[in-house]
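[1] What follows is a predicted structure for the sequence shown.
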Amino acid sequence: MALTDAKPTPVKAALPSPLELDGKRDREAFTDNIEHLEALEYISRLRLAKAYLLGGNTLAQSGGRRKSLHFRRRENRLGQPDLSFLDISEGEVSHDEIVILLKSLEARARQRVKKSLEQGIELHFEEFCGSYDLDEFERSALALLIANNTGKTFRDFYEKSDLDPHDRQDGGMSIGAVLSIIHPDYREQITSRKYFSVGSTLIKQEILVPWTNYDNTTNILDVYVYLHERIVRYLIGDNNIYDVDLQCISRDRSTIPPDQVILPDRVKEKVFKLARDYSNNRSKKARALVDEFYGYGTGLTFLFHGPSGTGKTMLAHAVATSLKKELLSVNIEHASNMNASSEDLIKYLFKEAKLCDGIVFFDECDEIFHANSSDSRTLLIEIEKTDCITIMATNRVVELDPSLDRRITMKVPFFLPDETQRERIWKALVPPSVSLSRDVDFKSLARNYIFSGGLIKNAMFTAITNAMAKNGKSKVLLNSADIEEAAGWQAASMFDLNSFGRTYLPQISIKDLPLRPQDKKKFGKLANVCANLNGQIHGLRLLVGCSDIRTGISIVDAMAKECDLKVREFHLSDLLLGTNDSKKMIDPMTRQEITLLEYALKTGTGHRALTLLVDHESCFEPLLLEEKDTANKGKDYLGFYRKLKGFDGLLFLVTT
């Protein structure tokens, strides 16, 4: 390929083109994104023709009206590629004339881009270049590759132009060809090689993907680069997914309003304010200076952690709604069945968020948190590179990779809602199309059921579904019995899920107890104290000693009935086995393995209840008497007392 300028060929005609529009049109904005891409594609054609003419070829048109243009080839070259796509007037055209036309059209295109952006017309090429802060060379390289990926006319001539020694038509271009098309000057070609280094924006951000890995024998000019397929689709406005390996990627346009999220106001407002301020500052010059100063790690990353059903996913959707952004997520577990690796999917997710200005959301991403895992390393790298909002959520106790922990901007703990919050959630989850009977008492529901927001939603949905079957779909009337029945199902399922212990509604009252009147009176006073506390009991633990264990259980049942509580009953001998691995279960809220003791002495979801520990085997007596009995070997009394001390509910221990 010659690198010296060819002698100008005399011009026999003017050089109008499809982009040399009349004065009125020239002042107008582009009508849409496609028209702007058409302009860029035509400019890329001229760049290609200019590079070819630099090799000593002339562009000539035969006589007649709108005849096809052909290169006048050297005698030792065969074939005449059709150049009618340039639509240049009759006559011969030199390299210098192409340069003049190219500069004129580039200036006009810039004017129209400015007018388009002022009118709010979406031009994906401009938005993309701005988001990555691409300079003139990078923009030109991007335009060449998008033309070669989307314009068959451009690709056909590129293949015939001999600017590239390789014989292939797959949208890629050699680095040598890109350099020669953009820069005719040898010095400029040498200095512009840096744009294809591993630390360059085009390569580091995977805008261009090299086909060949560099090694000690690689000539950089022969390396083929490809425009990332997702970037091609973004630039032409195609957000459809064609790769089946990416079907585990989801994009949601959330509609959950912020006021539907019931959390402590201070916490909720802090999250929304930080996300809002960060999003608003993204386009400001001051933000760019901050990014330049820190160099990396300037994305905004949230970690939402806490029990299942407490609003983590809802808050993520509400943040997306408030910012009018898409929420992008990936099912890592589902990805194991695909050809794409989880690392590739994480990279793709962040690239997608960058392109569509979306929010990356990892739900139940416990596996990603493990130190030194490939997923954790990939996530760390992407968080450091990104300038978007990332939200991670987990039900488990947070044990983060220390490197990842330092990159989290804000950790937001979620807890089971208190009684006041539960009442607000019950009310917030009634659809506008549903009418309520006068007997519905959300305050009573909030008091009687210790539910997460997710369980309240399940109960309401079940109740409404049943009511629709009775009332008809056009008008739904929901009464107290419907909701109580659905809530009861939810409470029972949370407790009975583990087949450990039992929960029941007591039937016996204090007046029915087989006790002396003065003893009934004592228990009646104690029941009144518990009832007057209205469920706000913090660490009230009572020991009931009876020669007949059944009498002790009846006393506790009567106390529970007086306080309008259900009973969660456990065998003490099971709990004293401590951390025995064979006696572990899955916590229905955190989905983690816990001991039976941890489960029993924990405020969980379900009916508001007191906890009853029954010592059928008299294994508590030796501890009271400070006896060392080999029969009690393996019993974790110390662990039991630690847990008992931290229990903040109402508990009775019945022993002989």
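    Good, I have the coordinates.

[2] Lowest mean pLDDT among the helices and strands, pick that one out for this protein.
    strand 69-72 (a mean of 39; mean pLDDT, DSSP states H and E).

[3] List the residues that contact residue 440.
    478, 479, 480, 483 (Cβ atoms under 8 Å, 6 or more residues apart in numbering). The way it works is simple: take the backbone N, C-alpha and C, and place the C-beta from them, glycine included.

[4] Out of the residues you listed, flag the one nearest to residue 183.
    Using Cβ to Cβ, residue 478 is the member of those that lies nearest residue 183, at 72.3 Å.

[5] Now do the contacts for the closest one.
    Taking Cβ under 8 Å, 6+ apart, one finds 430, 434, 435, 436, 437, 440, 463, 464, 467 in contact with residue 478.

[6] of all the contacts of residue 440, which two lie farthest apart?
    Among the contacts of residue 440, 478 and 480 lie farthest apart (Cβ to Cβ), at 8.5 Å.

[7] tell me, what's touching those two both at once?
    437, 440.

[8] Under the pLDDT cut-off, which ranges of the stretch 51-200 of the chain? List them.
    Counting by pLDDT under 70, the stretch 51-200 of the chain contains low-confidence ranges at 55-94, 165-169.

[9] Residue 427 contacts residue 441, doesn't it?
    No. Residue 427 is beyond contact range of residue 441, at 11.3 Å (criterion: Cβ atoms under 8 Å).

[10] which neighbours do these two share?
    What both residue 427 and residue 441 touch, as defined by Cβ under 8 Å, 6+ apart, is an empty set.

[11] circling back: now, among the contacts of residue 440, which is nearest to residue 525?
    So of those, ranked by how close each gets to residue 525 (Cβ to Cβ), first place is residue 480, at 31.7 Å.

[12] I'd guessed the closest one sits against residue 448; true?
    No. Applying Cβ under 8 Å as the test, residue 480 and residue 448 come out as separate, 11.5 Å apart.

[13] So which of the two has more stuff around it?
    When residue 480 is set against residue 448 and neighbours are counted by other Cβ atoms under 10 Å, the residue ahead is residue 448, at 22 against 17.

[14] Identify the residues contacting the more buried one.
    When contacts are taken as Cβ under 8 Å, 6+ apart, residue 448 is in contact with 487, 564, 607, 608.

[15] Mind checking which of these are buried?
    Neighbour-count burial (16 or more other Cβ atoms under 10 Å) applied to the contacts of residue 448 gives 487, 607, 608.

[16] residue ranges for the strands of the stretch 101-250 of the chain, please.
    Ranges of strands in the stretch 101-250 of the chain, per DSSP state E, counting those that start in this stretch, are 173-174, 208-210, 224-227, 249-252.

[17] same for the first one, what does it pack against?
    In this case it means strand 173-174. helix 136-150, strand 224-227 (3 or more Cβ pairs under 8 Å, 6 or more residues apart in numbering; DSSP states H and E).

[18] Export those to CSV and append columns for mean neighbour count.
    Shown next, in CSV, are the helices and strands packed on strand 173-174 (neighbours: other Cβ atoms under 10 Å):
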stretch, mean neighbour count
helix 136-150, 21
strand 224-227, 20
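
[19] Now tabulate these in TSV and tack on distance to residue 129.
    As requested, those are exported to TSV (distance: least, Cβ to Cβ, whole Å):
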stretch	distance to residue 129
helix 136-150	5
strand 224-227	13
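
[20] right, and these - which one's nearest residue 360?
    Using Cβ to Cβ, the helices and strands packed on strand 173-174 put strand 224-227 closest to residue 360, at 22.8 Å.

[21] Could you list the residues in contact with the closest one?
    Outside strand 224-227, the residues that touch it by Cβ under 8 Å, 6+ apart are 142, 145-146, 149, 166, 168, 170-175, 178, 196, 202, 207-212.
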